[in-house]
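Asker: I'll drop the sequence and a predicted model, then ask my questions.
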Amino acid sequence: MKIAKKQVRIIKKIREASGVWRFISLQRAGSRYVWDDRPGHYFLDWREGRKRKREYAGGTPAEATEAQRRKRNELLGAMISQGKTAPAAENDSLLTIARTREMFLDHVRAHSPDKPETVRRYEQVLNHFERILGNKKYVEAIGRSDIDTYKIKRSAEKSLRHDRQITPRTINFEVSTLRTFFYYLENERGINLKNPCAKFKHLKDQKKKAKSKPPVYSKGQIDSIFAQCSEVEKTIFATLLLTGLRKRELYFLSWPDLDLDRGVLRVTGDNKDGFSPKDYEERIIPAPADLVGLLKKLPRKSQWVFCNANGGRISHLLRRLKSIADRAGVPDATLHKFRHTYATRLLESGCEIVTVQHLMGHSDIETTMQYLSPNDDLKRKAADRLSLNGGQ
C-alpha cells in the first residue's frame, strides 16, 4: 500500500434541488482546492488495495483540510509499521509518538528537577498513551476521536497496583496530562497540529459526585491511632493533623524550617535537592502549642526533623500508619486523611475560607471549597437553634 499525498482526496456531498444527495469532486487551482460554496459535508476519499474508503471530514474547509492531514499521517504510519518504504520527504517531516514522548519527558525533567513524582506520573500517562494509540505511529495523526478511544479503552482496564477499575477521575487526569503534552508540542516545538485534547469532555465521576466532602478522621479514631503510637510516631502524625502538611512536605521538613519559639513552621525548598513546594509557593503555618511541645522533645539527629536510623529522610510512612491503624481498629487510614481533617476542622471552627486556602497551599479556592459541607452533628446543632418564632 503505497500512499502519496494525492491519494487522500477531499470530496463533498451536496444536496441537489431535487433533494437527492450526491458526491462531487472539488476543482483545484494548482495544489489547492477550490471550495464549493453549496451547502453540504466534506469527506475523505482514498484507496487501500482494491477497496475504496470514505470518511466524514467535517462541515468546513478548515475541518476537511485538518482531517486530510491527519488521515495522511495515519496511513503513512500504518505503511511504515508494516515494513513498507515511506516517501522520504513525508517521513522526515513527521515525529513519532515515541520520539515526542521522550522530548516531552526531557522537557519536564529539565524544568522540574525537584518534582520526581510529577515526572513519574507524566511518564505513566504517556506509557498508556503509546500503548493504546501507538499504532497511529505519528503524533500528528492523533485526533479527537483517538482521545475518545483512549478514554473508552482505559475505562475498561484495571489498575495493576490496586486490582480495581480505572476511575473516571484518573482518566480525566490522564487526558489533562495529554493536553499539556500536545500544547508543549504545539507551542514549544512548533509542530503543526491541533490539540486533540483541547476542551475535552470530562468523564462523570458518580463516586465523587455522591461524596459530600473528603473523608476525615473522627476524634475517636485519632485518639485510637495515637494510643498505638510511639512518642515519635505520635509527633509525626500530630504534625500532619495540626499543620495539614502533604506527605512530601513532611518528609522534607528540616530543622531550619521550624521556629519553635514563635510557634511556626515553613514549607520551603531551601537547600533541599529533589523538593520544592507545590506550585513553587512557600508558606508559613502556625503550629499549635500541643504540637510545639511534641516537637521540642524530638532529638536532633540530622537536618531532617523526622529521620530514619541513619539520619536520612523517613519514607514508606503509609505502611507504618496502616499497621498502627489496624491495631487501633481504624479502617481506611491514609496519610492524606490527616490533611483533610485539618482543613475540615479549621472551617468547622469558623476559620475564613481564604485563610484555610493559604494554610493548605491551594492555588485554587475551588479546591478548598470541597471541605465546606458540614457534618451531620453540625447540621443538627444548626437546626436545633431554629424555632416557630422565627428566631435562633
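Answerer: Yep, that arrived.
Asker: who does Arg9 bridge with?
Answerer: Asp45 (DSSP bridges).
Asker: when you give positions from now on, start the count at 138
Answerer: Happy to do that; since the first residue is 138 now, the last one works out to Arg146.
Asker: Give the burial count for it, as a bare number.
Answerer: 17 (other C-beta atoms under 10 Å). Any C-beta I mention is one placed from the backbone N, CA and C, and that applies to glycine too.
Asker: According to the record, where do the domains of this protein fall?
Answerer: 142-222, 234-347, 356-516 (automatic domain parsing).
Asker: mind putting these in a markdown table, mean pLDDT included?
Answerer: A markdown table is the format used below for the domains of the chain (pLDDT from 0 to 100):
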| stretch | mean pLDDT |
| --- | --- |
| domain 142-222 | 80 |
| domain 234-347 | 87 |
| domain 356-516 | 90 |
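Asker: what's the distance between Gly449 and Pro176?
Answerer: Distance of Gly449 to Pro176, computed by C-beta to C-beta, to the nearest Å: 71 Å.
Asker: Reduced to three states, what does the closest residue to Thr380 other than its chain neighbours come out as?
Answerer: Closest residue in space to Thr380, ignoring its immediate chain neighbours: Ile422 at 4.9 Å, by C-beta to C-beta, 6 or more residues apart in numbering. Following DSSP: H, G, I helix; E, B strand; the rest coil, we place Ile422 in the strand state.
Asker: Let me see the ranges of the strands in the chain.
Answerer: Counting by DSSP state E, the chain has strands at residues 146-152, 158-162, 164-166, 169-171, 177-185, 188-195, 395-396, 401-404, 420-423.
Asker: residues contacting the residue most central in space within the chain?
Answerer: Residue closest to the average C-alpha location in the chain (C-alpha atoms, centre = their mean): Phe310, at 3.0 Å. Phe310 is in contact with Val262, counting by C-beta atoms under 8 Å, 6 or more residues apart in numbering.
Asker: same thing but 10 Å
Answerer: With contact taken as C-beta atoms under 10 Å, 6 or more residues apart in numbering, Phe310 is in contact with 258, 262, 304.
Asker: pretty sure Glu485 is touching Tyr508, no?
Answerer: Yes: if you go by C-beta atoms under 10 Å, Glu485 and Tyr508 touch, sitting 8.8 Å apart.
Asker: Name the residues contacting each of those two.
Answerer: Common contacts of Glu485 and Tyr508 (C-beta under 10 Å, 6+ apart): Val353.
Asker: and these two? which has more neighbours close in?
Answerer: When Glu485 and Tyr508 are compared for neighbours, Tyr508 comes out ahead with 22 against 15, by other C-beta under 10 Å.
Asker: Test my guess that the more buried one contacts Lys350.
Answerer: Yes: counting by C-beta under 10 Å, Lys350 is a contact partner of Tyr508 at 5.6 Å.
Asker: what do the two both touch?
Answerer: Counting by C-beta under 10 Å, 6+ apart, the residues touching both Tyr508 and Lys350 are 477, 480-481, 484.
Asker: can you pick the most crowded of those?
Answerer: Neighbour counts for those (other C-beta under 10 Å) peak at Ala480, which has 25 neighbours.
Asker: Not including adjacent chain positions, what is the nearest residue to it?
Answerer: Using C-beta to C-beta, 6+ apart, the closest residue to Ala480 is Tyr508 (4.5 Å).
Asker: for that neighbour, what are its contacts?
Answerer: Counting by C-beta under 10 Å, 6+ apart, Tyr508 makes contact with 350-351, 353, 477-485, 490, 493, 497.
Asker: mind running it again at 8 Å?
Answerer: By C-beta under 8 Å, 6+ apart, the contact set of Tyr508 is 350-351, 477, 480-481, 484, 493.
Asker: With distance to Leu315 as added columns, please give these in JSON lines.
Answerer: Formatted as JSON lines, the contacts of Tyr508 follow (distance: C-beta to C-beta, whole Å):
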{"residue": "Lys350", "distance to Leu315": "29"}
{"residue": "Pro351", "distance to Leu315": "26"}
{"residue": "His477", "distance to Leu315": "28"}
{"residue": "Ala480", "distance to Leu315": "30"}
{"residue": "Thr481", "distance to Leu315": "33"}
{"residue": "Leu484", "distance to Leu315": "34"}
{"residue": "Val493", "distance to Leu315": "32"}
